[in-house]
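Undergrad: What follows is a predicted structure for the sequence shown.
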Amino acid sequence: MNKKSPETNSRSVERLLIEASHILNLDLELESLLKNILNILSEYLMAEASAILLLGVEGRRSELSTFISDQDAVCCVSVPADDKGVAALVIDKKSPLIINEFSADDQLKKIVDQKLKISTRNLMAIPIIRKEKYLGVIEVFNKKNSEDFNNKDLAIMTALGDQIALTVANAKLIDQAQRKSNEAQSLYEVGKLMSGTLRLEELLELIVDQVSHVVNVDVATIFVVDPADGSIKDIVSKGIPEDQRQHLTVKMGQGIVGWVAKTGQSVLLNDVSEDTKYISMRPQTKSEIAVPLISRDKVVGVFNVESDELDAYSQTDLELLETFGSQAAVSIERAILYQQSIEQKALEEELAIARRIQQTFLPEKAPVVPGLDIAGINIPSEAVGGDYYDYIDIVKNQFGIAIGDVSGKGIGAALIMAAFRASLKAEIRNNYAIRTIFAKVNSLLYESIERENYVTSVYGVLDAKNRVFTFSNAGHNPPLLFKSDSRIIDLTEGGLALGMFPGSQYEERPVYIDNGDILLFYTDGVTEAQNKNNEEFGENRLKKLVRQSKESSAREIINRVVDSVQQFKDPSKPLDDLTMILIKCL
C-alpha cells in the first residue's frame, strides 16, 4: 500500500476510488481485507482512527475491527447485541452520522473513548449496504489538523462505502467457500483414517482436531456412555488440563452433556448462563454446542465443544458438529465391535483351551469288564459345561462310577466341576466309605464356592465280581436300575447336594445287579429338555425308551436316547448339558 498521505482536496474522487478499488481487491482474505479497509479510511479521510463493524450472521456476534493510524495492528472484538455505540445509532437511523462537537458529558463519546482508547473530538460513520442488505458500519474518528468532517468527506466515504460493501460481500463468499472446503477436507481426513484404523482414541482425537480447524473451539470433548452404570465419561479432550479430566464424568440427565445423552437431542447455547441445565465446570465457557452420538438408534456418547466468547456458534456450526458427531458415533461403534470381536476371539480361544482341558477330565473310553457292557457320553450345552462323569480304578474287580452336575453353565460351572472332581478323587484315595467321601467333599466345596452354587452327584463302587453296586446320591437325578423282571428301581439314597450346607451327612446303599439288568445314570439335560409346547422329555419317556431298546448294546441305547431328546427338543430353546452312563449286565 502507498503510505503517502494523499491530499484529497487536489485529487479527484474518481482517481481516489480507482486506487482504493485496486487496493481493496489485492487480497480478499477477510482479515487482510479489513486491515486494508481501515488503512484506506484513515488515509483518504485524514482520520486518526477508523473502525468497521461487520454484522453477525446465523446467530454469531458482530465483530468490530479498529485501527489507529500511528499503529500497525488491527484490533478485533465481539460486540454484544445490545451495544449502544456509533454503529447502533447508524443502523437504527439507517443513515450516515457526523458529529463534530461533543458535550463534555456526552455518553456516546465515553463509549467511543473506551473502545478506541483515545479522546474523541469528532467522528463520521455510514452503513455498509449491499443489495439493500445491511452488512455493517464503517467509522472514522478525529480528523487531522483539528478540522471537522464535512459533506465532501461524507461523499468520499459514501463512495468508498459502496466499494467496501461489494468487496466485503465477495470476501464473505470466499470465506464461506474456504470454510466449506476446510470442512470437506476435514471430513475427508477423518473418513480416510476411519478406513485405515480401528484404534478408537486415535480416531476420536483426529475428529476433535479437525473440528478445531473449522469451528471456534476452546474446549472440545467426546464423551461415551458407560453401559455398565450409565455414567458419561470423557474419552478424548482438548483444552482441559489432564488433572481436571476426572471431573468431567457426569450422570445421565445431568448438565447439558447428560441431558443430550438422555434425550438424544442437540443443544446450541450462545450464552450458557441463560440455560438452567448448564453446570459450570469451567468458568471461562460462554458458548457451547453438544450433539448426541447415535449408533443403531441408541445414544453411545456426546460430542461437546465450548468457546470463551458469547454468541460464538451458528446453526451451521451445529450442523457441522452433528456431521462430525455421526462419524464419531461410527468410529465408536466400529471400535467397540472390533474390540468385541477381539474379546470374543480371545474368549473362544480360552473356551477351546478350557474344553480341551475339560475333555481330559472325561474318560477316553469305557472300562472293559467281563460280563458288562458300558458306555458313556457328555454333550455340553456350551463350549464348556458343568456336567462330569468318570470311571475310577479302585482295586481289582472294583471300579468307581461318578456323575455330577453343577448349577449353572459355562466356564464358571466348569471350574466348580474341576474343583469337585479333584476333591472327589483325593478323598477316594484316602477313604473307602462312600458316605465319608461325600461328607468331606461337601465341606471342601462349601468353603470354596459361592452360596448360590452347588453340585449334585452320584458316586458308587461297582463290584464286578459279586455284581454289587454300592452308592450314595447327593441330590442328583436318581439313577435307574432296570431289572430283568421289568421292575425299575430309583437309586435315591444319599443326602443333600454338595456345597449347599456345612456338615451335611450322607448314607450309602448296596444294590445287586443281575444278568439282563441295565443301570442308567443321567443328568437333568436329558429329562428337562422341552418341546415347543413347553413339555419336558421327562423320566417316563426315558424309561419307556430304555425298555424298548433293552436288546441293543449300551452304546446303541445311549445314542437312541440322545437322538430322541434332540428330536423332541424345540431348537429355539437352549439345551442343558447332557450326560449319561449306561451299564448293561450281560
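TA: Yep, that arrived. Residues are numbered from 1 along each chain as shown.

Undergrad: Buried ones in the helix or strand harbouring residue 211, by neighbour count?
TA: Per DSSP states H and E, residue 211 falls inside helix 200-214. For helix 200-214, a neighbour-count test (16 or more other Cβ atoms under 10 Å) marks 200, 203-212, 214 as buried. C-beta coordinates here come from the backbone N, C-alpha and C atoms, glycine included.

Undergrad: Given the helix or strand following that helix, what are its sheet partners and their directions?
TA: Later in the chain than helix 200-214, the nearest helix or strand by DSSP H and E is strand 219-225. Counting by DSSP bridges, the strands paired with strand 219-225 are strand 232-238 (antiparallel), strand 298-307 (antiparallel).

Undergrad: just to revisit the earlier point, can you give the distance of the helix holding residue 211 from its chain's centre?
TA: 16 Å (Cα atoms, centre = their mean, to the nearest Å).

Undergrad: so what's residue 242 up against?
TA: Shown in contact with residue 242 (Cβ atoms under 8 Å, 6 or more residues apart in numbering): no residues.

Undergrad: Domains in this protein, by residue range?
TA: 13-178, 197-338, 362-585 (automatic domain parsing).

Undergrad: isn't there a strand covering residue 442?
TA: No - with DSSP: H, G, I helix; E, B strand; the rest coil as the criterion, residue 442 is helix rather than part of a strand.

Undergrad: I'd like the numbering to begin with 222 instead of 1 from here.
TA: Understood, numbering begins at 222; the last thing we discussed is residue 663.

Undergrad: Just give me the neighbour total for it.
TA: Residue 663 has 27 neighbours, counted by other Cβ atoms under 10 Å.

Undergrad: try residue 591
TA: Residue 591: 8 neighbours (other Cβ under 10 Å).

Undergrad: repeat for residue 320
TA: Quick note: residue 320 (other Cβ under 10 Å) scores 20 neighbours.

Undergrad: beta partners of it?
TA: residue 344.

Undergrad: picking up where we left off before, tell me which of the strands paired with strand 440-446 sits nearest to residue 797.
TA: strand 519-528 (32.8 Å; Cβ to Cβ).

Undergrad: quick check, distance from the helix or strand following the closest one to the centre of its chain.
TA: As assigned by DSSP H and E, the chain's next helix or strand after strand 519-528 is helix 536-582. The chain centre lies 10 Å from the centre of helix 536-582; the measure is Cα atoms, centre = their mean.

Undergrad: Following the chain onward from helix 536-582, which element is next?
TA: strand 593-600.

Undergrad: Neighbouring strands - and their directions - for that following strand?
TA: Applying DSSP bridges, one finds strand 593-600 paired with strand 799-806 (antiparallel).

Undergrad: Could I get the full set of helices for the stretch 622-771 of the chain?
TA: Using DSSP state H, counting those that start in this stretch, the helices of the stretch 622-771 of the chain run over residues 631-651, 655-669, 745-748, 759-769.

Undergrad: could you dump the ones you listed to a markdown table with mean pLDDT and distance to residue 734?
TA: Formatted as a markdown table, these follow (pLDDT from 0 to 100; distance: least, Cβ to Cβ, whole Å):
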| stretch | mean pLDDT | distance to residue 734 |
| --- | --- | --- |
| helix 631-651 | 85 | 21 |
| helix 655-669 | 93 | 17 |
| helix 745-748 | 92 | 21 |
| helix 759-769 | 95 | 15 |
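
Undergrad: hey, which of the ones you listed is tucked in deepest?
TA: Of these, the one with the most neighbours on average (mean count of other Cβ atoms under 10 Å) is helix 745-748, at a mean of 21.

Undergrad: hmm, who's touching it?
TA: Defining contact as Cβ under 8 Å, 6+ apart, one finds that helix 745-748 is touched by 600, 602, 608, 626, 698, 757-760, 763, 782, 786, 796-801.

Undergrad: Buried only: go through those residues for me.
TA: If we count by 16+ other Cβ under 10 Å, these have these buried: 600, 602, 608, 626, 698, 757-758, 760, 763, 782, 786, 796-801.

Undergrad: and residue 329, how many neighbours does it have?
TA: 18.

Undergrad: which residues does it contact?
TA: Contacts of residue 329 (Cβ under 8 Å, 6+ apart): 305-307, 310, 320, 323.

Undergrad: Out of these, grab the one that's most surrounded.
TA: residue 307 (24 neighbours).

Undergrad: contacting residues for that one?
TA: Residue 307 is in contact with 272, 318, 329, 332-333, 344, 346, 358, 360, counting by Cβ under 8 Å, 6+ apart.

Undergrad: surely residue 770 meets residue 776?
TA: No - in this structure residue 770 lies outside contact range of residue 776 using Cβ atoms under 8 Å: 11.0 Å.

Undergrad: These two: which has the busier surroundings?
TA: A direct count of neighbours by other Cβ under 10 Å for residue 770 and residue 776 places residue 770 higher, at 19 against 16.

Undergrad: Show the pLDDT at the more buried one.
TA: In this model, residue 770 is scored at 94, pLDDT.

Undergrad: Give the closest residue to it in space, chain neighbours not counted.
TA: Closest residue in space to residue 770, ignoring its immediate chain neighbours: residue 778 at 4.6 Å, by Cβ to Cβ, 6 or more residues apart in numbering.

Undergrad: what about that neighbour, neighbour count?
TA: By other Cβ under 10 Å, the residues close to residue 778 number 23.

Undergrad: Tell me how far it lies from residue 683.
TA: Residue 778 is 18 Å from residue 683, where distance means Cβ to Cβ, to the nearest Å.

Undergrad: hmm, back to that, the helix holding residue 432 vs strand 519-528, what angle?
TA: Helix 421-435 and strand 519-528 are oriented at 40 degrees to each other (axes from the mean of the first three to the mean of the last three Cα atoms, to 10 degrees).

Undergrad: quick check: mean pLDDT across stretch 513-530?
TA: In the prediction, stretch 513-530 has an average pLDDT of 86.

Undergrad: Now do the end-to-end distance for that stretch.
TA: In stretch 513-530, first residue to last residue: 23 Å (Cα to Cα, to the nearest Å).

Undergrad: buried residues in that stretch?
TA: Neighbour counts over stretch 513-530 (16+ other Cβ under 10 Å) mark 513-516, 520-528, 530 as buried.
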